[in-house]
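*Asks:* Output the structure for:
(one chain, ligands or ions: 2)
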Amino acid sequence: MQVLIRDYRSEDLAQILQLWEQTTVVDSGGRGLAVEQAIRLLSDERAIVLLADMDGRLVGAVLAALSPVTAWIYRLSLLPAGADEQAIAERLLEQLEARVALTGTRTLAAVIDEREQLAGYLRQRGYRGSDELRYFERDLLPPTAPTGVLLELGGQLIGPGLWDALKGMEEAKEIIERRVILPLSEPELAGRHGVVPPRAIVLFGPPGTGKTTFAKGIASRLGWPFVEVLPAELAAEGAERQAKLLADAFGRILELASAVVFVDEVEDLAATRHEERRVTPSITNEFLKQIPRLRDAPHHLLVCATNWVARLDPAFLRPGRFDYVLPVGPPNADARRPIWRRYIEEITDEEVDLEALVRASELFTPADIEFAARKAAQRAFEREHFQRERHRARTEDFLVAIADTKPTLTAEMVSGFDDDTDRFARF
Ligand SMILES: Nc1ncnc2c1ncn2[C@@H]1O[C@H](COP(=O)(O)OP(=O)(O)OP(=O)(O)O)[C@@H](O)[C@H]1O
Ligand SMILES: [Mg+2]
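*Replies:* Ligands and ions are numbered 1, 2, ... in the order given. I've put the predicted structure just below:
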């Protein structure tokens with residue numbers, strides 16, 4: 001039987017999972033890696049994953065990760081194969097060592113239980129154990145508040161819930177899932193097909209339709225921090241200083257390991273008619289210079305938003321600069337339904353005629369729906385306070401609140417948006 005030692009490829013995932021299931025894995029560290037962590041490590045650029053392939057069947061695997069000084073072996077798994085097992089372990093380690101040495105890293109280490117068989121393999125290959133060293137570890141909670149550069153930049157960390165809370169934007173969400181999240185989570189497979197994940201996108205749509213929320217949702221889905229850049233805020237500075245401040249801000253952003261970088265009201269920078277721009281040409285030029293820098297950073301996504309896509313300079317929107325131009329439109333009935341449902345669930349336990357609310361709220365943006373829902377809640381609260389009627393908001397409260405709310409959208413805005421979508425959307 002020939003055993004081939006080769007690199008892991010993403011289509012080996014099912015097999016390697018199976019191997020991990022069948023073998024007593026030797027994990028590095030006290031409690032070792034959880035399977036999700038190991039899967040994440042598989043596609044990390046710092047990982048080295050070698051497989052022992054016996055005629056198409058995996059009989060062993062080693063998972064290691066590089067760091068500038070010491071590379072660590074995280075998992076060595078071997079299918080019981082009698083005497084061969086030792087030989088396979090030897091060959092996996094030998095190739096791993098050669099690979100690590102090539103990167104300039106000078107030490108390869110593993111933290112393992114002395115009683116494990118791997119300890120024997122390592123000793124035989126000349127790894128020195130230590131009697132004095134003790135292994136220490138501590139659990140780190142995910143950061144809940146920005147620190148360091150992120151704090152200075154006024155950035156935010158957005159919990160994973162926001163993406164799911166975004167209702168009725170299924171098409172835009174699906175585009176992001178497929179074209180942004182998927183290539184980022186499967187870089188190897190994407191790379192083999194020449195798929196390059198987008199680096200910059202534009203969102204356009206009428207006010208209150210959820211552009212900002214959607215940009216935050218992307219940060220939430222990716223688990224990247226959210227940083228907003230406000231070029232118009234630099235307007236008070238002198239022309240030369242403005243450009244420098246903007247360049248500095250982008251420099252700081254690039255110090256972050258990853259970020260969703262949000263620029264709202266981008267027409268202030270890129271309107272065709274220069275008198276509609278709220279910033280000086282030096283800011284616009286600097287911004288255009290910074291976009292390619294950001295595009296070169298694989299873990300930074302630029303999201304620009306505008307209510308006025310038709311006013312943007314067409315050259316600004318060109319494909320080499322922005323990968324997608326996505327409409328974020330007025331919610332139709334199917335989109336309004338889940339948005340209403342979300343607020344109804346939060347506000348009341350009474351039976352509410354959802355369809356009546358959906359019908360009554362044409363031309364409402366998600367922001368209008370939220371506003372009307374809060375108004376209904378206030379109405380129920382006041383009723384209990386003043387009249388001692390002990391029940392939460394009912395259909396009627398919502399309908400009164402809807403009648404009392406001026407919709408943001410007009411029929412012209414909706415048809416204008418449809419035209420804009422025909423003319424400018426690109427995805
Ligand atoms: N799909 C959605 N589901 C639920 N709530 C939403 C949704 N979209 C937006 N909202 C709510 O509507 C409000 C307005 O959304 P947002 O500020 O993102 O709109 P916008 O398009 O950025 O508006 P503007 O053009 O005025 O900047 C927010 O409070 C947000 O929570
Ligand atoms: Mg906004």
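
*Asks:* count of neighbours near the residue of the chain found nearest ligand 1?
*Replies:* Ranked by C-beta to the nearest ligand atom, the top residue of the chain for proximity to ligand 1 is Gly210, at 2.7 Å. From N, CA and C alone the C-beta is placed, and that goes for glycine too. Each residue near Gly210 was counted by other C-beta atoms under 10 Å, and the total is 25.

*Asks:* Is the closest residue to ligand 2 within the stretch 151-300 of the chain in a helix, a strand, or coil?
*Replies:* Proximity to ligand 2, evaluated over the stretch 151-300 of the chain using C-beta to the ion, is greatest for Thr212 at 3.2 Å. Classification of Thr212 using DSSP: H, G, I helix; E, B strand; the rest coil returns helix.

*Asks:* What is the neighbour count of it?
*Replies:* Using other C-beta under 10 Å, Thr212 is surrounded by 18 other residues.

*Asks:* pretty sure it contacts Cys304?
*Replies:* No - contact criterion C-beta atoms under 8 Å: Thr212 and Cys304 do not qualify, at 11.5 Å.

*Asks:* shared neighbours of these two, which are they?
*Replies:* The contact sets of Thr212 and Cys304 overlap at 262, 264 (C-beta atoms under 8 Å, 6 or more residues apart in numbering).

*Asks:* got the residues of the stretch 101-250 of the chain near ligand 2?
*Replies:* Within reach of ligand 2 by C-beta under 5 Å from the ion, the stretch 101-250 of the chain has these residues: 211-212.

*Asks:* Could you list the low-confidence segments of the stretch 101-250 of the chain?
*Replies:* Within the stretch 101-250 of the chain, the stretches with pLDDT under 70 are 142.

*Asks:* just the helices in it please.
*Replies:* 117-124, 148-152, 161-165, 170-176, 182-185, 187-192, 211-222, 239-255 (DSSP state H, counting those that start in this stretch).

*Asks:* Report the distance from the fifth one to the chain centre.
*Replies:* Just to be clear, that refers to helix 182-185. Helix 182-185 sits 9 Å away from the centroid of its parent chain (C-alpha atoms, centre = their mean, to the nearest Å).

*Asks:* for the helix or strand harbouring Lys375, packing partners?
*Replies:* Assessed by DSSP states H and E, Lys375 sits inside helix 366-387. Counting by 3 or more C-beta pairs under 8 Å, 6 or more residues apart in numbering; DSSP states H and E, the packing neighbours recorded for helix 366-387 are helix 333-347, helix 395-403.

*Asks:* Pick the most buried one from those helices.
*Replies:* helix 395-403 (a mean of 20; mean count of other C-beta atoms under 10 Å).

*Asks:* Show me which positions of whichever helix or strand comes after it end up buried.
*Replies:* Remark: after helix 395-403, the chain's next helix or strand is helix 411-424, criterion DSSP H and E. Using 16 or more other C-beta atoms under 10 Å as the test for burial, helix 411-424 gives 413, 417, 420-421, 424.

*Asks:* Would you mind listing the two of those residues that lie farthest apart?
*Replies:* Met413 and Phe424 (15.4 Å; C-beta to C-beta).

*Asks:* Surely Arg125 and Gln95 touch.
*Replies:* No - using C-beta under 8 Å, Arg125 makes no contact with Gln95, being 11.9 Å away.

*Asks:* can you give me the strands in the stretch 1-150 of the chain?
*Replies:* Using DSSP state E, counting those that start in this stretch, the strands of the stretch 1-150 of the chain run over 3-7, 26-27, 47-54, 57-65, 70-78, 107-109.

*Asks:* Check which helices and strands the fifth one is in contact with.
*Replies:* Same thing as strand 70-78. Against strand 70-78 (3+ C-beta pairs under 8 Å, 6+ apart) you get helix 13-22, strand 26-27, helix 35-42, strand 57-65, helix 83-102, strand 107-109.
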